[in-house]
Each structure stands twice: as C-alpha cells, then as structure tokens.
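In: Dropping the sequence and predicted coords here.
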Amino acid sequence: MVKKLFQEYVYQHPWAVVTEATWLKYPNPFCPHVLDVDVISRRVDDTDGFLKTRRLFTATSPVPRGLRWLMDSDVAYAVEDSVVDPVKQRMELNLRSLTFGDIVEMKETSTFEPHPDNSEWTLLKQHWSCEWKVPIAFVSSLEKLSAQRFLSSAASGRLAIKQLCQNIEQKERPLMFLD
C-alpha cells in the first residue's frame, strides 16, 4: 500500500526570492539529516528555455533506527530532477529515493508558483508518497513513522527557506548556513 500526503504553504516572499532560496537551502542547521547535495547536471533547454537540473542528495537513512539492521548503511541517497520555467514563474522539484529500493520507495514533488491571490507571495504545493515493501504487519507503523518524518523535514525546510528569503531581501548573503 502507498501512503500519500499533500500540503500547501504560502511564503510571503516573491517567487524569484523563494526559488533562489531553494537553490541555497542546503546545507542548513534546520535540516541536519541532509549531509550533502551535488549537482549532477544543469542546463537550459534550447527548445523551451527551461532550466533543468539533476541533483544527488546524501542524507541519513529515513528508515527507523529499529530496522536499520536490515540495511548495509545509515546513509541514503535520493535524486532530484527540477524544471524551472522563468516565463511562467514555475519551479517543480521531483525527488525520489535511490537507496533501499527493495524495502521502501519514497517520492516527493514540490511546485513553487506565484500565489493566485497575491503575486508578491509564493505558493508551495508538496505531494509525498511512500511505499514500504515489508510484511504487512509492519506497514502501518512504518508508514506513520515515515509520514511524521516527512512532515517534520518539510517544516524544517520551510524554516530554512524563510530565513534565506529574509537574508536575500535584506541583501545579505546566506553564509550563515555554511560550516
């Protein structure tokens, strides 16, 4: 069975500021589970003018500590494919887990667009799904734990972006997130 969540959040900052903050988001003290982010590829598509980026995320395992004995590592990897349409002011991020695919599969899609009622604000929509491939007796508990972790991580990520937006708008470079 697949567990799904959807949430929306409004940043009271313009789209250009929020999307810049999104690129600067990691590393940050609000999301210590993300250890590293590497840009694999980045290009502007000649046909549509969209910025297309692929990034590799290295993070601590999303698997609960009690089940980590099933895995060979406490580190997990995910790939994010993003598309930015600067004309329509739309940014879409698609993240999917790469590690432990025989046990769990997680996906997240985040879209950033100007808010329909206030063009100076940005609307974030997040779709998340998780599928555990373990005996049915464990699935409900694991789905609940995974959903809690996603919601907590999403809230921490929003705090980081809000702080970065304030820094960008105040013309301060967000060096506070660098070690």
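Out: Sure thing, it's come through. Numbers count the residues shown, from 1 in each chain.

In: What strand or helix carries Thr22?
Out: helix 15-23 (DSSP states H and E).

In: Now do that helix, average pLDDT.
Out: The pLDDT scores in helix 15-23 average 95.

In: where in the chain is pLDDT low?
Out: 61-72, 172-179 (pLDDT under 70).

In: all strands for it, in order.
Out: Per DSSP state E, the chain carries strands over the ranges 2-11, 34-44, 51-60, 75-85, 90-97, 104-114, 122-132.

In: quick one, longest helix in the chain?
Out: Longest helix of the chain, by residue count under DSSP state H: helix 136-169.

In: and it, how far from the chain's centre?
Out: Mean-position distance between helix 136-169 and its chain equals 9 Å (Cα atoms, centre = their mean, to the nearest Å).

In: cool, and stretch 85-100?
Out: That offset, for stretch 85-100, works out to 8 Å (Cα atoms, centre = their mean).

In: Any idea how far apart the tips of that stretch sit?
Out: 32 Å (Cα to Cα, to the nearest Å).

In: so who does the residue lying farthest from the centre of the chain touch?
Out: Each residue of the chain has a distance to the centre, and by Cα atoms, centre = their mean the biggest one is for Ala137: 29.1 Å. By Cβ atoms under 8 Å, 6 or more residues apart in numbering, the contact set of Ala137 is empty. Glycine gets a C-beta too; all of them are placed from N, C-alpha and C.

In: any idea how far Leu145 is from it?
Out: According to Cβ to Cβ, to the nearest Å, Ala137 and Leu145 sit 14 Å apart.
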